[in-house]
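Student: Here is a sequence with its predicted model. Questions after.
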Amino acid sequence: MNKNIDKGLFHFCRLLVRIFTPRYNVIRKDKPVLPSVYIVHHQNLWGPIISFGWLDVPARIWVLSVFFSFRECFRQYYDYTFTKRYGVPKFLAGIIVAPLALIVSGIIRAIKAIPVFRGSRKIVDTFKMSMSALEENHNLIICPDIDYTDKSSNVGEIYQGFLHLEKKYREKTGKHVAFVPLRIDMDKHCIIVGDAVYFSDEDSFRNDRTNVYNRLKSHMGASN
């Protein structure tokens with residue numbers, strides 16, 4: 001697909017989010033670092049939707065690979081989300097899921113999301129695509145929550161695998177990648193951008209990983 005059309009679809013989808021959600025103001029102390037890897041609490045979809053639509057810089061989101069294909073998206077919604085999680089009868093779930101899966105898979109591709117192949121060797125493709133995006137100065141949005149259905153503002157345990165972007169980015173560019181924590185305040189309708197967190201020059205990736213993880217998780221947590 002033509003890159004200009006891709007860009008137009010990307011911004012059109014951001015506009016749609018803004019039309020159908022309340023306005024969110026972005027609060028940040030410093031100018032955006034380009035590129036950055038923004039880390040946000042999932043909060044049962046609210047985190048990625050609001051940060052994609054209202055963050056003051058465009059960014060590409062990590063999304064589970066099942067949502068890129070109509071067939072896989074349908075199975076995810078039909079076999080789990082609607083029938084098991086929400087208890088919708090199967091005959092009714094089929095009616096709801098078919099058009100929803102078609103729309104969702106189309107939107108996910110249109111916004112240039114990056115597929116996450118969790119639990120698969122294809123996860124290397126996730127990092128390859130992410131590195132290409134960062135090299136082109138595209139920001140990323142990652143929601144690393146283990147319990148992505150948690151609607152509370154408190155951040156639980158999060159996956160640490162995304163931190164390996166630092167190793168690959170450092171090897172490729174000789175620089176540290178900026179990991180930027182976001183906190184979404186749904187009461188005040190604002191996105192609070194934390195200070196960029198970097199790995200240290202003095203310590204190894206293995207030794208510094210826990211420190212970076214704890215700092216990001218702390219900044220993502222709710223203040224109230």
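Tutor: Yes, it's here. Numbers count the residues shown, from 1 in each chain.
Student: For the helix ranked longest in the chain, output the C-alpha coordinates as PDB.
Tutor: Selection of the longest helix in the chain by residue count, based on DSSP state H, yields helix 90-110. Once non-C-alpha atoms are left out, helix 90-110 reads as follows in PDB (Å, rounded to 0.1, in the frame of the first residue of the first chain):
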ATOM      1  CA  LYS A  90     -22.500 -18.700  21.400                       C
ATOM      2  CA  PHE A  91     -25.200 -18.000  18.800                       C
ATOM      3  CA  LEU A  92     -25.300 -14.400  19.800                       C
ATOM      4  CA  ALA A  93     -21.500 -14.100  20.100                       C
ATOM      5  CA  GLY A  94     -21.100 -15.300  16.500                       C
ATOM      6  CA  ILE A  95     -23.400 -12.500  15.200                       C
ATOM      7  CA  ILE A  96     -21.500  -9.900  17.200                       C
ATOM      8  CA  VAL A  97     -18.000 -11.100  16.600                       C
ATOM      9  CA  ALA A  98     -18.000 -11.500  12.800                       C
ATOM     10  CA  PRO A  99     -18.300  -7.700  12.000                       C
ATOM     11  CA  LEU A 100     -16.300  -6.700  15.000                       C
ATOM     12  CA  ALA A 101     -13.300  -8.900  14.000                       C
ATOM     13  CA  LEU A 102     -13.500  -7.500  10.500                       C
ATOM     14  CA  ILE A 103     -13.400  -3.900  11.800                       C
ATOM     15  CA  VAL A 104     -10.700  -4.500  14.400                       C
ATOM     16  CA  SER A 105      -8.300  -6.400  12.200                       C
ATOM     17  CA  GLY A 106      -8.600  -3.800   9.600                       C
ATOM     18  CA  ILE A 107      -8.000  -0.900  12.000                       C
ATOM     19  CA  ILE A 108      -5.000  -2.700  13.600                       C
ATOM     20  CA  ARG A 109      -3.300  -3.000  10.200                       C
ATOM     21  CA  ALA A 110      -4.300   0.600   9.200                       C
END
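Student: Following element in sequence after it, please.
Tutor: Note on helix 90-110: by DSSP states H and E, the next helix or strand toward the C-terminus is strand 114-116.
Student: Surely H42 touches I158?
Tutor: No: contact criterion Cβ atoms under 8 Å: H42 and I158 do not qualify, at 9.2 Å. Any C-beta I mention is one placed from the backbone N, CA and C, and that applies to glycine too.
Student: Give me the common contacts of those two.
Tutor: D145 (Cβ atoms under 8 Å, 6 or more residues apart in numbering).
Student: So which residue of this structure lies furthest out from the middle?
Tutor: F91 (32.0 Å; Cα atoms, centre = their mean).
Student: buried ones in the longest helix of the chain?
Tutor: Neighbour-count burial for helix 90-110 flags A93, V97, L100, A101, V104, S105, I108, R109, A110 (criterion: 16 or more other Cβ atoms under 10 Å).
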